[in-house]
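# got a structure for you, letters missing:
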């Protein structure tokens, strides 16, 4: 039992951290493009993000997961082979679902940084667009992402557990805290620890991440009013 | 105001259209996916497969497929589930919706009352040990997976402590319509309500506390104090009112999300036959028509709720209204 919980924790943390990092990277790049180029790029990306935002997180994840997991042999996209039991499937699903939540605040910051004097100075020196985006603007907006990261991980760990509990996250034979709680539901009255133990692990993990996130926010960005949803 | 509503309405229609398109594309046009197999459920007969192919126009172009699907969802409303013998999808959702509403409305009442209480209490007790203590409790509430909390609650109230007088009145899991037996309806929903509201009590109490502390330094609060109002009046009439603006807009969004499918996990754990449980059952059976319909229903509900919040908000706060 203890071994299973520890082993499940590996999958839970891998997916939680992996998807939060991937999500922040995608959101960061998209926000840089949208905020820097403005006009059509901004309009298209912002509308797309609004659209994803309009979906309830769980329903969008459920739709993607049902489609990606129904093929027993996995999917073939050119040279990419998606194995349904791979941890990458839930990782990417969760990452995509949360992109708009990071995209919005970062895009706003890129927009305001775009017309600061130091960017104009760099333009006057003949800096290329790529240099402007990644050397001038990026270091000034990265704080927001760093502040959001621990809170994102807390959110993605909870989401992974929920999806696995609904049997559309981590697939057997692999296990995560969510799948163990799901297994434990049938044994609830006879062997309650099967469901309780992984739940306690989730609470402790998410709680520490939330405390860490609050601390990082207060240290780096005292005025930030991040309203992250669990 | 009329212009604002009209513009919001056009935006709403565009988003709703985009939602149906995106959902449709996910289910029908993901590369490498055969929608026929997906629609047919587990182990279909060749006849079913052929019938589905014809019925959904899967041998025709994507726009035609989309139009056919939407016609069956919204106009003729006769979309039928294949995995679950001839279950009509749209009536199944409408009959499940009252259960979800019962759950979410009750939980919302609890979480609004208690989060305001906890938030106010934390501000009043600032400087004592109780403020950090309450905030730690709130943080724990946010960090608990709701389905796990539900299982623990079930374990205690249904099994381990059911003989104990405190929980002996708890009826078995399930749902009784309020028209049938209001008392039973209430008894069966008490613990689902509490379970669902705990996360939100924690979250809203934290937001409210932060907002209250923020307005504490505003001029109008100092004025209210300076003209000799009691601390209670300052807190309730002056500080709380302005702090409730964020609270109300968050509430609108969360309420929409919960009715639109966010209550899924609570419904599954407590066996409440709402829209969420319907989605879950079709997930287990891989019943695509039902999943697609519930996803669209949920997204629609949320988008419409958001638009309503915007309009109410603009009505309350003239600064948001375009000149």
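On my side now, so go ahead. Everything quoted here is computed from the prediction, not taken from an experiment.
# could you say what helices and strands the helix or strand that contains residue B:92 packs with?
With secondary structure defined by DSSP states H and E, residue B:92 is part of helix B:89-124. Here helix B:89-124 touches strand B:80-81, helix B:130-143, helix B:182-215, helix B:240-257, helix B:264-270, helix B:275-284, helix B:288-316, going by 3 or more CB pairs under 8 Å, 6 or more residues apart in numbering or on different chains; DSSP states H and E. Every residue, glycine included, has its C-beta placed from N, CA and C.
# same for the longest one, what does it pack against?
Taking 3+ CB pairs under 8 Å, 6+ apart as contact, the helices and strands that helix B:182-215 lies on are helix B:89-124, helix B:130-143, helix B:146-154, helix B:240-257, helix B:264-270.
# Out of those, which is closest to residue A:201?
Relative to residue A:201, the nearest member of the helices and strands packed on helix B:182-215 by CB to CB is helix B:146-154, separated by 10.1 Å.
# now the closest one, how far from the centre of its chain.
Offset of helix B:146-154 from its chain centre (CA atoms, centre = their mean, to the nearest Å): 18 Å.
# what does that helix rub up against?
Helix B:146-154 is contacted from outside by A:161-162, A:165, A:181, A:184-185, A:188, A:195-196, A:198-199, A:202-203, B:173, B:191-192, B:194-196, B:198-199, B:265-266, B:268-270, using CB atoms under 8 Å, 6 or more residues apart in numbering or on different chains.
# Buried ones only from the residues you listed, please, as a PyMOL command.
Taking 16 or more other CB atoms under 10 Å in any protein chain shown as the burial criterion, the selection of buried members of these in PyMOL is written as:
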select buried, (chain A and resi 161+162+165+181+184+185+188+195+196+198+199+202+203) or (chain B and resi 191+192+194+195+196+198+199+265+266+268+269+270)
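# re the thing from before, deepest of the helices and strands packed on helix B:89-124, which one?
Stretch with highest mean neighbour count among those: helix B:264-270 (a mean of 26; mean count of other CB atoms under 10 Å in any protein chain shown).
# Tell me where the model's unsure across the stretch 151-300 of chain B.
For the stretch 151-300 of chain B, applying pLDDT under 70 flags the ranges B:160-163, B:165-167.
# near chain A, which residues of it?
Contact residues, the stretch 151-300 of chain B versus chain A (CB under 8 Å from any CB of the partner chain): B:151-152, B:154-155, B:158-160, B:199, B:203, B:207, B:210, B:250, B:257, B:260-262, B:264-265, B:268-269, B:279-280, B:283-284, B:286, B:288, B:291-292, B:294-295, B:298-299.
# ok so residue A:10 is a helix residue?
Yes. Looking at residue A:10 with DSSP: H, G, I helix; E, B strand; the rest coil, it is inside a helix.
# Who are the contact partners of it?
Counting by CB under 8 Å, 6+ apart, residue A:10 has no contacts.
# Quick check: pLDDT value at it.
Looking at residue A:10, its pLDDT is 86.
# That one and residue A:156, how far apart?
According to CB to CB, to the nearest Å, residue A:10 and residue A:156 sit 15 Å apart.
# Check residue B:49 too.
For residue B:49 relative to residue A:156 (CB to CB), the value is 38 Å.
# the more surrounded of these two?
residue A:156 (28 against 17; other CB atoms under 10 Å in any protein chain shown).
# For burial, what's the neighbour tally of residue B:149?
21.
# now swap in residue B:232 and tell me
Under the neighbour criterion other CB under 10 Å, residue B:232 is assigned a count of 9.
# Spell out which helix or strand contains it, please.
Using DSSP H and E, the element containing residue B:232 is helix B:231-233.
# from the middle of its chain, how far away would that helix be?
Per CA atoms, centre = their mean, the displacement of helix B:231-233 from the mean C-alpha position of its chain is 35 Å.
# next one: stretch A:7-21
11 Å.
# Could you do stretch B:17-28 as well?
With CA atoms, centre = their mean, you get 21 Å for stretch B:17-28.
# in that stretch, what's buried?
For stretch B:17-28, burial by neighbour count (16+ other CB under 10 Å) applies to B:18, B:19, B:20, B:22, B:23, B:24, B:26, B:27, B:28.
# Quick check: the fourth one is in a strand.
No. Counting by three-state DSSP, one finds residue B:22 to be helix, located in no strand.
# Is it in contact with residue A:51, as I believe?
Yes. Counting by CB atoms under 8 Å, residue B:22 does reach residue A:51; the two are 6.1 Å apart.
# Could you list which residues are in contact with residue A:174?
Residue A:174 neighbours (CB under 8 Å, 6+ apart): A:11, A:85, A:87.
# Just the strands from chain A, written as ranges.
A:75-77, A:80-82 (DSSP state E).
# Just give me the lowest mean pLDDT stretch among the ones you listed.
strand A:75-77 (a mean of 61).
# Residue A:205 contacts residue A:17, doesn't it?
No. Applying CB under 8 Å as the test, residue A:205 and residue A:17 come out as separate, 10.6 Å apart.
# These two: who's more crowded?
Per other CB under 10 Å, whichever of residue A:205 and residue A:17 has more neighbours is residue A:205, with 21 against 17.
# Could you check how far that one is from residue B:234?
Taking CB to CB, one finds residue A:205 at 40 Å from residue B:234.
# just residue A:199 next, same as before
Relative to residue B:234, and taking CB to CB, residue A:199 is found at 42 Å.
# With residue A:150 instead?
36 Å.
# what does residue A:111 give?
Relative to residue B:234, residue A:111 is positioned 38 Å away (CB to CB).
# cool, and residue A:55?
Applying CB to CB to residue A:55 and residue B:234 gives a distance of 42 Å.
# which residues in chain A form helices?
Ranges of helices in chain A, per DSSP state H, are A:2-37, A:39-54, A:57-69, A:88-114, A:117-124, A:129-131, A:138-165, A:177-186, A:193-220.
# Go through the ones you listed and name the closest to residue B:71.
Nearest to residue B:71 among those is helix A:57-69 (20.6 Å), distances taken as CB to CB.
# what does that closest one contact?
Outside helix A:57-69, the residues within contact range by CB under 8 Å, 6+ apart are A:52, A:75, A:82, A:84, A:89-90, A:93-94, A:96-98, A:159, A:162-163, A:166, A:168-169, A:171, B:23, B:26-27, B:30, B:33, B:38, B:260-262, B:264-265, B:279, B:283, B:286, B:288, B:291-292, B:294-295, B:298-299.
# give me that answer again for 6 Å
A:84, A:89, A:93, A:97, A:163, A:168, B:26, B:30, B:33, B:261, B:264, B:291, B:295, B:298 (CB atoms under 6 Å, 6 or more residues apart in numbering or on different chains).
# List the buried residues of that helix.
Per 16+ other CB under 10 Å, helix A:57-69 contains these buried residues: A:57-69.
# Quick check: the gap between the spatially closest residue to residue B:205 that is not a sequence neighbour and residue B:226.
Distances taken as CB to CB, 6 or more residues apart in numbering or on different chains put residue B:118 closest to residue B:205, at 3.9 Å, once the chain neighbours are dropped. According to CB to CB, residue B:118 stands 29 Å off from residue B:226.
# Skipping adjacent residues, who's closest to residue B:271 in space?
In space, residue B:271 comes closest to residue B:173 once its chain neighbours are excluded; the distance is 4.3 Å by CB to CB, 6+ apart.
# Least confident secondary structure element in chain A?
For chain A, counting by mean pLDDT, DSSP states H and E, strand A:75-77 ranks last in confidence among helices and strands (a mean of 61).
# So what's the residue count around residue 218?
Answering for chain A, as no chain was given. Residue A:218 has 11 nearby residues by other CB under 10 Å.
# I was after chain B.
Look at residue B:218: counted by other CB under 10 Å, it has 13 neighbours.
# quick one, what contacts it?
Neighbours of residue B:218 in contact, by CB under 6 Å, 6+ apart: none.
# Now the phi/psi pair for it, please.
phi -70, psi 160 (degrees, to the nearest 10).
# if I look at it, how far off is residue B:148?
Going from residue B:218 to residue B:148 by CB to CB gives 41 Å.
# Please apply the same query to residue B:115.
For residue B:115, the distance to residue B:148 - CB to CB - is 21 Å.
# Looking at these two, which is more packed in?
A direct count of neighbours by other CB under 10 Å for residue B:115 and residue B:148 places residue B:148 higher, at 28 against 25.
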